[in-house]
Each structure stands twice: as C-alpha cells, then as structure tokens.
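In: okay, sequence plus prediction incoming.
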Amino acid sequence: MGRAKAPAWTSQEIAILHDVYPREGINGAADALPDRSWQAIFVMASKLGIRSQVVTDAPKPALAGADLEEAIQRREQEGWSFARIGAHFGVSESAACNAVLIALCPRKGFTPAQRDAKGRLTPEGLERLRTMLRKGMKAIDIQLRLGLSAGRIAEERRRYRKDLKARGKAPLPQPGGGEAYSGVKLTRAAKVEVEQLLLQGFGAKKVTERTGVSNTSVRRIRNRLIRRLRRKGETLPGCDRDGRRIGAAKASNHYIPAEAVKALRERILAREPVARAAADLGIGGSSAYKIRDALAAELRAQGKDLPPPVRLGNGKEARSRAASARWLPKGQIHRFRQLSIEHGHDTAKQMILDEIAAEKAARAARKPTFEEQLAAVREGKATITTKFQPSRRAPDGTLGGVATGMI
C-alpha cells in the first residue's frame, strides 16, 4: 500500500508559519506545528518565499556510536550495500550512505570540508566543493573526500548551475564524465526503456548491456516495477510476485527451447546418461537434472519408475560417445540457446561447428606464436626438443677454415 497523502495546509497553519519561521527558524516552526514534518515545513516555507535569519545546527547523521562502527565494519569488511545497512539499522539507504561516508572521510586520509560552529559550510569549504563539481566528480566520491551528505552536494550543484547560467558561464560537466553509474540521474525515456525490456523477460545484466544503464540502477527500477505489478496482481515474466526467478522467459538466453527439453526427456527414457545427453543438446547440468527429476515425478504419479541409464564404462565406444557429446565450446551455452531460439537446434549446432572448423583452419594456416607453443607444451600436445637435429647435414669445412689453411 502506498504512503498516505498528507492533508492540505490550512490557512491557520500558514499564518503560524509566517509568524514563527522568520523569528525562530525551522526548529521553532516545527515546535509550533507538531503535525508537520521538518521537511514539509521547509518545503512550504520555500514555496511561500519565507526566509529566516536564524541559523540552525546542521542535521546529525542517522547513525552514531556503536551502530556507526558496526555499519562501517559491515561496509568495509563484509561488503554490505548501503541499502542492506539501512534495512539492518532501520534507516533509509541514503541516511546509511551519508553516515558511513562522512565517518570514513578522515579515516581514509581526506580533509573534511570546512564548517562553522553550527556545522554549516564555510566559504572555503563551499569553494572546495565547487572545485570538485567543476571537475565532474561523482557525488559519492565528493562525499568521501569532503564528508558531506548527498543532499548537500545535490543542492549546491543546483545552485551553482543556476549561478553559472545567470552569469552566462559554461555549464558544469556531467557527474562522472557522463558515464553510467548507480548515482547518475536517468531520463524518463531511459527508465521506460529499462522497464520495457524487463517486461519482455530480460534479466538485469542483459538490460544493462542493451541500454548502458548501470546494473544497480536497473535493479532499483526492477524492484519498483515489481511492487507496482504486485499491486495490480501481475508479475514479471518468469518470476513470482516477489520478483524471484522461477523460470527463464523466452526472450532470455537462459531459456531452454521446448524442443531441447523434449529431446532430453526422450533420451533419458531411452536410458542415455543425463550428463551426456545434456552436453550434446546444449543444456546445463543443473537444468538437465531438474528436467530428469520432473520426469521421474511424472512417472511415479502414473505408478511407473524411471528406467536407469545404460552406462558403457570406460571402453573405446564410451569415450567416443562422450567426446562427440562435448562438441559445444566452454562459455558458448547461452549463445547456443539464443541461436536455437532463432534458428532451431540443428541449424544452431551446425553454425557453431562451422565456426569451430573455420577457427581451426585459420590456426593451421599460420605459424603458432611462442605463447601458443608454450601452451601446447603445458597441455601435453607438444614436447621440447633437448638436442638440436639439423634438417640437412652441415659441411665438414667452412670458408673461414679453408682461408686460414692457405695463409
């Protein structure tokens, strides 16, 4: 269920804000308006153009003491994400990020930005921040080097951009040089493109490859999409209502074509070993045994038993069949599945076999490099000659020897 919308501001609340905020600042206004949050008061005061000369203390980090030390240990030694740290301590991801990075700033050997007695940035600290903004540094890198919150950096970036535009100066460069990373702001079109690919059944890694959006950003968009679909009673293709993958969508290269599944079932019933049949059909071992177990369960429901495989032992025939089944090169299984979806199993297999033959012919046509010769020796395909054997007999005498004898 979404968050309940706050009630509209009443004329009495606005009158209190006009009266209290200029004299006592946001803290005094928060005491006079207990039903309004600090953020709501600040936003409304900004909309109404109400200013206060009262300088309040800068907000304190959400984590302190033992909790902060534990959060740093989780981040630095155990590699926890800020989202996981926030969930562990009951704070938001951004609050966890701010607390940890501000504490790590001096510990990593950096000098925090200069602040006044109230914890606000001094002109010197602000100039250091603006220098880093002009260099196009990422917000998270600035946080670590200056010990500032992400919100403070974002606000100063907006103000600086507005100031540069008003003075007719060159705009600030994009954070991170325009590269895709988890903190970059995405356009609406980019978000829609990511959602469309997710709805087609692609995984986060594949969406990142196609769109250039960082994997972290894709996963965040995916989580929001899952929650939105769940409210409608829908799910992502191949996933349950919580977004857990229960089967590969046909658009994914993890999808095993139905004809391959059918062929594996037939070969298992023909008592062929699962591993050998799976290798020949381009099906991973884990998936193959899941298919075998599902077939066994179906037969048990019919009062039948799955016939045991016929193993040929270590004879010549067994070795020959095993070698022929291992035709697919390592690391090509997902590509083979995608080709199978597009062209069919037999055509896809022939395409890869043709590629293997072409590569083998190209290698045979050229002289192997020194590194390739060493690799062949390590694999036992070649040996090192201990004694040089010339291809033809060398002459007994030399021109040098003949000339010397004539002197």
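Out: Thanks, I have the structure now.

In: what pLDDT does residue 132 get?
Out: Residue 132 is assigned a predicted lDDT (pLDDT) of 94.

In: again with the one 5 residues further on
Out: Listed pLDDT for residue 137 reads 90.

In: on the three-state scheme, it is what?
Out: Secondary structure, DSSP: H, G, I helix; E, B strand; the rest coil: residue 137 is coil.

In: any idea how far residue 134 is from the residue lying closest to it once chain neighbours are set aside?
Out: In space, and not counting its chain neighbours, residue 137 is closest to residue 175: 7.0 Å by C-beta to C-beta, 6 or more residues apart in numbering. All C-beta atoms are positioned from the backbone trio N, CA, C, and that covers glycine. Distance of residue 175 to residue 134, computed by C-beta to C-beta, to the nearest Å: 12 Å.

In: so where's the stretch 51-200 of the chain uncertain?
Out: 178-184 (pLDDT under 70).

In: which stretches of the stretch 101-250 of the chain form helices?
Out: Along the stretch 101-250 of the chain, counting by DSSP state H, counting those that start in this stretch, helices occupy 123-134, 139-146, 150-166, 188-199, 204-211, 215-231.

In: right, and the ones you listed - which one's nearest residue 241?
Out: Closest to residue 241 of those is helix 215-231 (C-beta to C-beta; 5.2 Å).

In: care to break this structure down by domain?
Out: Each domain of the chain is listed here as a residue range: 113-176, 190-252, 258-362, per automatic domain parsing.

In: neighbour count for residue 175 and residue 134, which is higher?
Out: A side-by-side neighbour count of residue 175 and residue 134, using other C-beta atoms under 10 Å, places residue 175 first with 21 against 13.

In: if we can go back for a sec, which of the helices of the stretch 101-250 of the chain is buried the deepest?
Out: Sort these by mean neighbour count, taking mean count of other C-beta atoms under 10 Å, and helix 139-146 sits at the top with a mean of 20.

In: and that helix, how far from the chain's centre?
Out: How far helix 139-146 lies from its chain's middle: 21 Å, per C-alpha atoms, centre = their mean, to the nearest Å.

In: relative to helix 150-166, how tilted is it?
Out: Put simply, helix 139-146 runs at 110 degrees to helix 150-166, going by axes from the mean of the first three to the mean of the last three C-alpha atoms, to 10 degrees.

In: ok, and what's touching helix 139-146?
Out: Residues external to helix 139-146 that are found in contact with it (C-beta atoms under 8 Å, 6 or more residues apart in numbering): 97-98, 101-102, 104-105, 108, 110, 112-113, 125, 128-129, 132-133, 137, 148-150, 153-154, 157, 175, 183.

In: repeat that for stretch 78-96.
Out: With C-beta under 8 Å, 6+ apart as the test, stretch 78-96 has contacts from 61, 62, 63, 67, 71, 74, 75, 97, 99, 100, 150, 151.

In: dump the helix or strand residue 45 falls within to CSV, keeping only the CA atoms.
Out: Element membership for residue 45 (DSSP states H and E) is helix 38-48. Listed next in CSV are the C-alpha coordinates belonging to helix 38-48 (Å, rounded to 0.1, in the frame of the first residue of the first chain):
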residue,chain,number,x,y,z
TRP,A,38,10.7,19.2,9.3
GLN,A,39,10.9,18.6,5.5
ALA,A,40,7.2,19.7,4.9
ILE,A,41,7.8,22.9,6.8
PHE,A,42,11.0,23.7,4.9
VAL,A,43,9.3,23.0,1.5
MET,A,44,6.3,25.1,2.3
ALA,A,45,8.4,28.0,3.6
SER,A,46,10.4,27.9,0.3
LYS,A,47,7.2,27.9,-1.8
LEU,A,48,5.9,30.9,0.1
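
In: before we move on, back to that, looking at the contacts of stretch 78-96, which are in helices?
Out: Among the contacts of stretch 78-96, DSSP state H puts 67, 71, 74, 75, 97, 99, 100, 150, 151 in helices.

In: residue 279 contacts residue 323, doesn't it?
Out: No: under the criterion of C-beta atoms under 8 Å, residue 279 makes no contact with residue 323, lying 10.3 Å away.

In: tell me the pLDDT at the most centrally placed residue in the chain?
Out: The chain has residue 215 as the residue nearest its centroid, 3.3 Å off, counting by C-alpha atoms, centre = their mean. Residue 215 carries a pLDDT value of 83.

In: show me the contacts for the closest residue to it other than its chain neighbours.
Out: In space, and not counting its chain neighbours, residue 215 is closest to residue 208: 4.8 Å by C-beta to C-beta, 6+ apart. Contacts for residue 208 (C-beta under 8 Å, 6+ apart) come out as 214, 215, 218.

In: so where do the helices sit in the stretch 301-407 of the chain?
Out: Using DSSP H, counting those that start in this stretch, helices in the stretch 301-407 of the chain cover 316-325, 333-343, 345-365, 370-378, 399-406.

In: of all the ones you listed, which one is nearest residue 57?
Out: helix 333-343 (55.3 Å).

In: so for that closest one, mean pLDDT?
Out: Rounded mean pLDDT across helix 333-343 is 78.

In: which positions within that helix qualify as buried?
Out: Neighbour-count burial for helix 333-343 flags 333, 335, 336, 337, 338, 339, 340, 341 (criterion: 16 or more other C-beta atoms under 10 Å).

In: turn the helices of the stretch 301-407 of the chain into CSV, columns for distance to residue 118.
Out: Output for those, formatted as CSV (distance: least, C-beta to C-beta, whole Å):
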stretch, distance to residue 118
helix 316-325, 73
helix 333-343, 57
helix 345-365, 68
helix 370-378, 64
helix 399-406, 93
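
In: need the winner for burial among these.
Out: When you average the neighbours per residue for each of the helices of the stretch 301-407 of the chain (mean count of other C-beta under 10 Å), helix 333-343 leads with a mean of 18.

In: now for it, which elements pack on it?
Out: helix 345-365 (3 or more C-beta pairs under 8 Å, 6 or more residues apart in numbering; DSSP states H and E).

In: the helix it packs on to helix 370-378, inter-axis angle?
Out: 110 degrees.
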